[in-house]
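Undergrad: Here is my input, please return the structure:
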Amino acid sequence: MPETRSYAAAHFALELDGAQSVGVFRSIEGGGVKAEVMTYQHGGGPQRWRQLGKPKFDDIKVQVGMAMSKPFYDWIKFFFRGQPKRKTGAIIAADFYYKERARREFKEAIIKELTFPKLEGQDKNAAYMGVSIAVEDIIFKKGTGAALPTPKMNPQKLWTACNFKFELAGYESAVRRTAKIDSFTVKQDLAEYHMGGQLASIKTPTPIEFPNIVFYVPEADAQPLIDRMTNQNKIHHKNRSGAPSSLHGSITTLDNQGRELFRVQYTGAELVGIAPEKSDAQSEDIKLVRCELYTEKMEFEYTNLE
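TA: Numbers count the residues shown, from 1 in each chain. Next comes the predicted model:
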């Protein structure tokens, strides 16, 4: 028997619903399988016996940029809408020459979390989203050796952390020079349901949780936001009941030529915090104000530039 050569996994691809690769991503972790060990004994005897219990499949966590295709971003869009789509597919590990060396096939996959990266005007590094995927079954298989589709190198689709635009309706002048936006995570916990004689549990999605958005604007532009926060607090102290949320806006990511890549729209927002950043007499950085918004709903829209 010829010896199987070791390899360095240099490329990773994703298949969904039997389709060919829907894109490559930067890194992957998780996706393992483990089983509980059940111990029992008969009567008062000293001997104990063990056997495997129900299997558990770890979440698959991937880092993706703009190298995925539209079906993957549509999957994210439905996740934001609270309409999770179950997918069957495979994670493929390939060597330096894009030859398939190993694959993990999964079933009933649901997006569980999406972490949006930090965006900053001075950061020219590539940006990646973190996507956590829960699955109900994983099968490990040897790679077929087939060649993966080589991704097209499209410089217009390079996503860097400095290319973004933050919008807040009614406060355009205050946020037009937004310096940075902190990372945030959209979550949807899953409830495990054990049924009948099935070993693995069925994973059912629960209501989606939208996070607060933290952004930073120059102190010279922040006065309208400070006024809104101040007036809002006065109203709350008088009535003990605040007005309904009325703010809305979007976070738009751009390529190097200023073309829109995708947009996260938020509604039902309101300011919950205003705080000037630390002041230092020896610092030459622009004085910024930290602003925090809560949101009731978010929408994800992908712009296909192909």
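Undergrad: To which secondary structure element is residue 231 assigned?
TA: Secondary structure assigned from DSSP states H and E places residue 231 in helix 223-239.
Undergrad: Could you pull up the mean pLDDT of that helix?
TA: Averaged across helix 223-239, the pLDDT comes to 72.
Undergrad: How about stretch 186-194?
TA: Stretch 186-194 shows an average pLDDT of 85 in the prediction.
Undergrad: Could you check how far the host helix or strand of residue 249 is from the centre of its chain?
TA: Assessed by DSSP H and E, residue 249 sits inside strand 247-254. Computed by Cα atoms, centre = their mean, to the nearest Å, the separation of strand 247-254 from the middle of its chain amounts to 16 Å.
Undergrad: Would you mind pulling up the elements that that strand packs against?
TA: Applying 3 or more Cβ pairs under 8 Å, 6 or more residues apart in numbering; DSSP states H and E, we find strand 247-254 packed against strand 164-168, strand 260-276. All C-beta spots, glycine's among them, are computed from the backbone N, C-alpha and C.
Undergrad: among those, which is the most enclosed?
TA: Relative to the other members of those, strand 164-168 carries the highest mean neighbour count by mean count of other Cβ atoms under 10 Å, namely a mean of 19.
Undergrad: And the next helix or strand past that strand?
TA: Going down the chain from strand 164-168, the next helix or strand is helix 172-175, by DSSP H and E.
Undergrad: ok, which stretches of the stretch 1-150 of the chain are helices?
TA: Along the stretch 1-150 of the chain, the stretches classed as helices by DSSP state H, counting those that start in this stretch are 70-80.
Undergrad: For residue 140, find the nearest of the helices and strands packed on strand 247-254.
TA: Closest to residue 140 of the helices and strands packed on strand 247-254 is strand 260-276 (Cβ to Cβ; 32.8 Å).
Undergrad: partners of the closest one, with directions?
TA: The partner list of strand 260-276 in its sheet, established with DSSP bridges, is strand 247-254 (antiparallel), strand 288-294 (antiparallel), strand 297-302 (antiparallel).
Undergrad: between that strand and strand 164-168, how many degrees?
TA: Angular relation of strand 260-276 and strand 164-168 on a 0 to 180 degree scale: 60 degrees, by axes from the mean of the first three to the mean of the last three Cα atoms, to 10 degrees.
Undergrad: Where does pLDDT dip in the stretch 151-300 of the chain?
TA: Counting by pLDDT under 70, the stretch 151-300 of the chain contains low-confidence ranges at 151-157, 196-199, 232-245, 279-284.
Undergrad: make it 50
TA: The model of the stretch 151-300 of the chain has pLDDT under 50 over residues 153-156, 238-241.
Undergrad: Now do the closest residue to residue 76 other than its chain neighbours against residue 15, distance only.
TA: Residue nearest to residue 76 in three dimensions, not counting chain neighbours: residue 300, with 5.4 Å by Cβ to Cβ, 6 or more residues apart in numbering. According to Cβ to Cβ, to the nearest Å, residue 300 and residue 15 sit 22 Å apart.
Undergrad: what do you get for residue 184?
TA: Separation of residue 184 from residue 15 (Cβ to Cβ): 29 Å.
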